[in-house]
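S.K.: have a look; sequence and predicted model below, questions after that.
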2 protein chains.
Amino acid sequence: MTGIADVAARAGVSPATASRALTGRGYVAAATRLRVETAARELGYAASSSAAGLVTGRTRTIGVVMPSLTRWFFAEVLEGVQHALLEHRYDLALYSAPSDSALRRAMFDFFLTRKRLDGIIAIGIEPSAHELERLISFARPVVSVGGHHLGTSAVSIDDRAAARIATEHLIGLGHRDIAFLGGDPDGRHTSFGDGMRLAGYRDAMHEAGLDAFVRHTRCVVSMPGGYGAGATLLADRRHRPTGLVGVCDEVAVGAIIAARRLGIRVPSDLSVIGIDDHHYAEMFSLTTLQQRPFDQGVAAVQLLMRQLEDPDAAPERIHDAAPIVMRGTTAAHASSLAPVD
Amino acid sequence: MTGIADVAARAGVSPATASRALTGRGYVAAATRLRVETAARELGYAASSSAAGLVTGRTRTIGVVMPSLTRWFFAEVLEGVQHALLEHRYDLALYSAPSDSALRRAMFDFFLTRKRLDGIIAIGIEPSAHELERLISFARPVVSVGGHHLGTSAVSIDDRAAARIATEHLIGLGHRDIAFLGGDPDGRHTSFGDGMRLAGYRDAMHEAGLDAFVRHTRCVVSMPGGYGAGATLLADRRHRPTGLVGVCDEVAVGAIIAARRLGIRVPSDLSVIGIDDHHYAEMFSLTTLQQRPFDQGVAAVQLLMRQLEDPDAAPERIHDAAPIVMRGTTAAHASSLAPVD
DNA sequence: AATCGATGCGGAATCGCTTCCACATTTCAC
DNA sequence: GTGAAATGTGGAAGCGATTCCGCATCGATT
């Protein structure tokens, strides 16, 4: 294995100078730096991150904690984070485990404590008391994305407002019987944002005096989940809502497919609105509220880098707007229109 | 920061003994071990991975290289890998970048060389010459999943055979005009498995003497991709195939939705078969060939652990079978049946 | 001409742990 | 009862980088 001593010898300098030349810290003559860099390249030298980490106390590794990899939102944020970290030449250590698992607990107890991470990005985490304690005692920068802000820097959309706007859109179209689809049946896997969205739906219904119509159908937060719950909900002709707010686009799309299967026409018989602007939204012509999780991941890295440069910097919170994207799955309530032909 | 010296002092032993007690290597009296463990717990001690890594030469970190996080297959494998690594108390360093990007190159040049990884799991990687060279010069165990086997341990299904079986299924149902949907338009993002599947389709068509019908419609490998390409392909009534093999379920499902939108009934007018058994497959009643990427990820970790324990162990290759799952999107070709009613 | 700050480089200490080696004690076989 | 092997512990030597400190040189300022 070639070490910095080999590089230094080849360049005719001391290890100290070689280190300065390669890390860019301290005074080094331009010519010397060039010689060292050449030598390093010729030898295929790469510094041992363990040795460097031991003396500097920093590892150039950021931990990313998240509950799931398969949900679109999480995967997109992760891609953004990965992209940005790579550009900053940081490594990304991934820790994903569902909220209630034993592995999740081991993760927090074991991995986050090992002086191994320069910072943490928590995606969609609603931490338990125990986990919160761990995160706080982890005396390094933490940035949260789409979850509790933990008193730290954070980036997210205003989920509650987004769901309220989505619901108000349907109300504005004349709908009154509007159901909300989402929120895990067992309640344990419901992420923070999902909870806020339900609250936003309730807000809008309440403000419009539609409390009597508030209906929350729980389902696994996925397309098949939305399909299954939608099929059940819509099968009953007499109590069929005319509007549907999906906790996210995946659920909304699932419900649309269920509706079609039942011969219910979207949007003339049923209006459906989602939240996210998923990759699939366009092909289903889904009206939705748009967020850009990839960009949120990138932004999270920026916030983290700022904290890393200046640990005393005040935490920042980015609250992105989620603009509504009008497409074809929402329309005026039938009774509020003159009958067609 | 509490170090091992603090733990040792509290337990009334030397650092050397404390280290042995905590790592489990060497002789330590049971009573001593207990005292050390108690002291460590009380102090909230966790060893510095940098210091340990420096002296042992191993970091308990596995690198995972993959082209995309949003495709179902990759995300599932990653979840399996994550799960298994967590159980083995290994960290997972994620490196994902599309095949042709500058970041991808930086990844291979910079990250993989830093003596930082004990091993690598490559998911769906068809490495360029340069990347292959890097992987080989990385003198540590490599396991590939669903890609080139690189002369190393590997786990995958036989993609070529799977696509052949899928195609033969349609041929067996009397279809002759069978198109293959998949393979990125620009060709650069086509993964290894995708290429093999196309080959398997060709094999089957050739064996059945249907070379004249071989048709490969390229599309982005995603549900919207399959939808778009399917819509174009099926719009032309006169050259409409009666059977469709999707490179994966996402594409197949996209095509099914396109067909429905065009008023083409599945399976009576058009049979569609996929490969993967995606989470969505069941709700679309999709006939497909099943693979279990999560389990493949777990298996990859097992192979890697074996290589880690004994670096001279011969590479192993796991070739999982992909059983066909009959559902409702394939049916006998219309002309081979007596007309219904 | 003397002084000062900026620049350039090398020696040596240091980070926190693991492990080699030496030494002491116990256990066991013959 | 003796030698050998097994067990238990501590001192000290690293692992491979970074960085503090000291020294030398050079140009510019007073």
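M.R.: Ah, there it is. Every value quoted in this text rests on a predicted model; they were computed, and no experiment measured them.

S.K.: now do the contacts for A:Ile185.
M.R.: Residue A:185: Pro, not Ile. A:Arg218, A:Cys219, A:Val220 (Cβ atoms under 8 Å, 6 or more residues apart in numbering or on different chains). Every C-beta, even on glycine, is put in place using the N, C-alpha and C of the backbone.

S.K.: residues touching the first one, list them.
M.R.: Pointing back at A:Arg218 there. A:Arg218 neighbours (Cβ under 8 Å, 6+ apart): A:Gly182, A:Gly183, A:Asp184, A:Pro185, A:Gly187, A:Ala229.

S.K.: tell me how far it lies from B:Asp249.
M.R.: Distance, A:Arg218 to B:Asp249, by Cβ to Cβ, to the nearest Å: 26 Å.

S.K.: do the same with the last one
M.R.: When Cβ to Cβ is applied, the distance between A:Val220 and B:Asp249 equals 19 Å.

S.K.: the two - which one has more neighbours?
M.R.: Using other Cβ atoms under 10 Å in any protein chain shown as the criterion, A:Val220 and B:Asp249 rank with B:Asp249 on top: 28 against 19.

S.K.: of the contacts of A:Arg218, closest to chain B?
M.R.: Here the nearest of the contacts of A:Arg218 to chain B, counting by Cβ to the nearest Cβ, is A:Ala229; it sits at 11.7 Å.

S.K.: which bits of the stretch 201-341 of chain A sit near chain B?
M.R.: By Cβ under 8 Å from any Cβ of the partner chain, the residues of the stretch 201-341 of chain A that approach chain B are A:Ser222, A:Met223, A:Pro224, A:Tyr227, A:Gly228, A:Gly254, A:Ile257, A:Arg260, A:His279, A:Tyr280, A:Glu282, A:Met283.

S.K.: which of those sits closest to DNA strand C?
M.R.: Nearest to DNA strand C among those, counting by Cβ to the nearest atom of the strand, is A:Ser222 at 42.1 Å.

S.K.: contacts only, for that closest one.
M.R.: A:Arg71, A:Glu250, A:Val251, A:Gly254, B:His279.

S.K.: isn't A:Ile264 right up against A:Leu234?
M.R.: Yes - under the criterion of Cβ atoms under 8 Å, A:Ile264 makes contact with A:Leu234 at 6.0 Å.

S.K.: which of the contacts of A:Ser222 are buried?
M.R.: A:Arg71, A:Glu250, A:Val251, A:Gly254 (16 or more other Cβ atoms under 10 Å in any protein chain shown).

S.K.: for whatever helix or strand A:Ala258 lives in, packing partners?
M.R.: For A:Ala258, the element it lies in under DSSP states H and E is helix A:249-261. Contact partners of helix A:249-261 among helices and strands, from 3 or more Cβ pairs under 8 Å, 6 or more residues apart in numbering or on different chains; DSSP states H and E: strand A:178-181, helix A:223-235, strand A:243-246, strand A:271-276.

S.K.: now that helix against helix B:249-261, angle please.
M.R.: Interaxial angle, helix A:249-261 versus helix B:249-261 (axes from the mean of the first three to the mean of the last three Cα atoms, to 10 degrees): 40 degrees.

S.K.: which stretches of the stretch 51-200 of chain A have low pLDDT?
M.R.: A:187-189 (pLDDT under 70).

S.K.: how close does A:Arg327 get to A:Arg33?
M.R.: 56 Å.

S.K.: neighbours of the closest residue to DNA strand C within the stretch 51-200 of chain A, how many?
M.R.: Of all residues in the stretch 51-200 of chain A, A:Val55 sits closest to DNA strand C, at 3.6 Å by Cβ to the nearest atom of the strand. Applying other Cβ under 10 Å, we find 9 residues neighbouring A:Val55.

S.K.: ditto for A:His130
M.R.: 11.

S.K.: figure out the helix or strand that it lives in.
M.R.: helix A:129-137.

S.K.: quick check: A:Ile125 touching A:Gly147?
M.R.: Yes - under the criterion of Cβ under 8 Å, A:Ile125 makes contact with A:Gly147 at 4.6 Å.

S.K.: spit out the residues that contact the two alike.
M.R.: In contact with both A:Ile125 and A:Gly147: A:Phe192, using Cβ under 8 Å, 6+ apart.

S.K.: nearest residue to A:His88 other than its sequence neighbours?
M.R.: Leaving out its chain neighbours, the residue that sits closest to A:His88 by Cβ to Cβ, 6 or more residues apart in numbering or on different chains is A:Met305, at 6.2 Å.

S.K.: ok, back up a step: just send the helices and strands packed on helix A:249-261 back as JSON lines, with distance to B:Leu117 too.
M.R.: Listed next are those as JSON lines, based on distance: least, Cβ to Cβ, whole Å:
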{"stretch": "strand A:178-181", "distance to B:Leu117": "43"}
{"stretch": "helix A:223-235", "distance to B:Leu117": "36"}
{"stretch": "strand A:243-246", "distance to B:Leu117": "41"}
{"stretch": "strand A:271-276", "distance to B:Leu117": "34"}
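
S.K.: so which of those comes closest to DNA strand D?
M.R.: The closest of the helices and strands packed on helix A:249-261 to DNA strand D is strand A:271-276. By Cβ to the nearest atom of the strand, the value is 42.6 Å.

S.K.: and after that closest one, which helix or strand comes next?
M.R.: With DSSP H and E, the next secondary element past strand A:271-276 is strand A:287-290.

S.K.: next secondary structure element downstream of that following strand?
M.R.: helix A:293-309.
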